[in-house]
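*Asks:* only geometry, no sequence info:
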């Protein structure tokens, strides 16, 4: 009995640092946040917040900016998830083949991920604003010369997706590389003898065998796209403006940035908090749904 | 049904390793050919080249009458059973077997029929809905065979298919494979490092070492007339005894002050090879040494005995040299006993000391 007591003391001692910091930094603020989202809190010292019930939530759902931002975030996330995974998987295939310098390529594709989002955003701003038109001018291609990706509200989102894909695909590629290297060579050979061509092998053997990687990569790309902030700050800072149902909106002000702006730029803390909670709920539901769906497709060896 | 002809086949890897050297081998239709040899002898590489999984560096490979050097595996009309079975883990047993047929757009009814037939032959009818991970090793092995059978290939290739099974199951599957070969009447090419499998299953055996074919013959010939020291030592357990000797006047061989008369076949061979007074390597199988009495043999001391149920292996020493003989377990010989081994001079093998090849060839 004594030994058991001692064991459980050690157990809680080891758990304490993680548990305490989790409670203090995540759990407590989360419930405080729920409370604040139902008040008119402004974070100004000395002013006691008043209870307003669900007013902040009502305002949010009637806000056209919020609705617009929500839709744009979904579009951004959907296209990013697809483009990052397609690019990452393609690169992973290339660098797992018997080619020369494959380690060099692996490192090369991974490096953008080491550059911080802000720096990366400014680099791409330079590329979109100066490099592409300059190349267009040099080659005499008017389309490129006049392509101002960052000033057309319909195209800017794609500029963001391009920059984000460039940053993140290398990281996701590494996960795919690890998964691809784990696919037993014998299975591919057996399917080759069974008569499968390249695409049939890919679809019938490789893809099911790396289903576990899909769960991870879909999850990571999904939540990171959804939460995207730093690249946007540097690249467009939310602009250019557009019209949505007669209201002026910022075409690349995605949810994370929208919440930040509401809370800190306009100092409407409680409103921002309410939106953050909805943001959290939506992201949770979507990502749990995704993991549940992907998990079902995984193969046990 | 098809024969497989391989001529001057070579495999050199980019790192310079020469895995298969000038292999020439004709495998006739419906034959059960065994490729046997120690690890790294090139037998699996040869099989993989027949399958088309490995590029051919030089030489020609024909299946039937078709030159297949550049033909991809799927167009060679072969089936392969892998050492680790290589079943698709995400597919049911049925789907594993149906995969190749589906890719060939075989009608559903025919797929059903072929799978049911194969499942009946292999006794896996009750397993068709299961996933590979729910099967035992022996069952997986049967499914792998089933996947090969349903495709009705011209040639079956098997890469050490029994090596992952336990000893008892291996013996059982060995018999079933022989039966299967009989039923299917198809060419089998079978790679193994296990000489018992080679001896029991093959219609012919191809012994390989360091990428070179040592001898191709039926099991009886391989055992009774090994072409060289390697084959003689590799086939047969316990191993053949070797010791230096000298041929005297073309009719006798002298070993450690004992002389043995050569049989007629060896006399001819010694004459033909003009080795009438040459130094040779003498070989004799453990079962060709019997226990004699004091007047027949030379005194030796027993060092180790191994009881194998009905047989008894006796390790002994004459002078500085170690020998093994095989006798009945009922002889009850113990470590330290004095014995008088007698060599059966009729069963002696002679090998050229320099080239290591048998004087018979």
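*Replies:* Perfect, I can see it now. All figures in this text were calculated on a predicted structure; none of them were measured in a lab.

*Asks:* so what's the closest residue to residue B:36 other than its chain neighbours up against?
*Replies:* With sequence-adjacent residues excluded and distances taken as C-beta to C-beta, 6 or more residues apart in numbering or on different chains, residue B:36 is closest to residue B:198, at 4.1 Å. Backbone N, C-alpha and C define where each C-beta goes, glycine included. Residues near residue B:198 by C-beta atoms under 8 Å, 6 or more residues apart in numbering or on different chains: B:34, B:36, B:192, B:205, B:219, B:235.

*Asks:* out of those residues, who's nearest chain A?
*Replies:* residue B:192 (17.5 Å; C-beta to the nearest C-beta).

*Asks:* and the gap between the closest one and residue A:193?
*Replies:* 19 Å (C-beta to C-beta, to the nearest Å).

*Asks:* Mind checking the pLDDT average for the longest helix anywhere in chain A?
*Replies:* What stands out as the longest helix in chain A, according to DSSP state H, is helix A:64-95. What helix A:64-95 shows for mean pLDDT is 92.

*Asks:* So which elements touch that helix?
*Replies:* Secondary-structure packing of helix A:64-95 (3 or more C-beta pairs under 8 Å, 6 or more residues apart in numbering or on different chains; DSSP states H and E): helix A:102-110, helix A:156-181, helix A:211-226, strand A:241-244, strand A:247-250, helix A:255-260.

*Asks:* what about residue A:87, distance to residue A:156?
*Replies:* 20 Å.

*Asks:* cool, residue B:242 as well?
*Replies:* For residue B:242 relative to residue A:156 (C-beta to C-beta), the value is 84 Å.

*Asks:* Who has more neighbours out of the two?
*Replies:* Taking neighbours as other C-beta atoms under 10 Å in any protein chain shown, residue B:242 and residue A:156 compare with residue A:156 leading, 25 against 17.

*Asks:* so the more buried one makes contact with residue A:147?
*Replies:* No - counting by C-beta atoms under 8 Å, residue A:156 does not reach residue A:147; the two are 11.8 Å apart.

*Asks:* burial measure for the residue of the stretch 251-361 of chain B found nearest chain A, as a count.
*Replies:* The minimum distance from the stretch 251-361 of chain B to chain A, using C-beta to the nearest C-beta, falls at residue B:308 (35.4 Å). By other C-beta under 10 Å, 11 other residues sit near residue B:308.

*Asks:* what's the answer for residue B:54, then?
*Replies:* The tally of other residues near residue B:54 (other C-beta under 10 Å) stands at 18.

*Asks:* residue contacts, it?
*Replies:* If a contact means C-beta under 8 Å, 6+ apart, then residue B:54 has B:11, B:45, B:48 as its contacts.

*Asks:* Among these, which lie within strands?
*Replies:* residue B:11 (DSSP state E).

*Asks:* out of the contacts of residue B:54, which one sits closest to chain A?
*Replies:* When the contacts of residue B:54 are compared against chain A (criterion: C-beta to the nearest C-beta), the nearest one is residue B:48, at 8.3 Å.

*Asks:* Skipping its backbone neighbours, what lies nearest that closest one in space?
*Replies:* Here the residue nearest residue B:48, using C-beta to C-beta, 6+ apart, is residue B:54, at 4.1 Å.

*Asks:* now that neighbour: how far from residue A:185?
*Replies:* Noted for residue B:54: a distance of 12 Å to residue A:185, by C-beta to C-beta.

*Asks:* Buried residues, the lowest-mean-pLDDT helix or strand in chain A. List them.
*Replies:* Lowest on mean pLDDT, DSSP states H and E among the helices and strands of chain A sits helix A:142-145, with a mean of 78. By neighbour count on 16 or more other C-beta atoms under 10 Å in any protein chain shown, the buried set for helix A:142-145 is A:144-145.

*Asks:* mind listing what residue B:186 touches?
*Replies:* Residues near residue B:186 by C-beta under 8 Å, 6+ apart: B:1, B:30, B:153-156.
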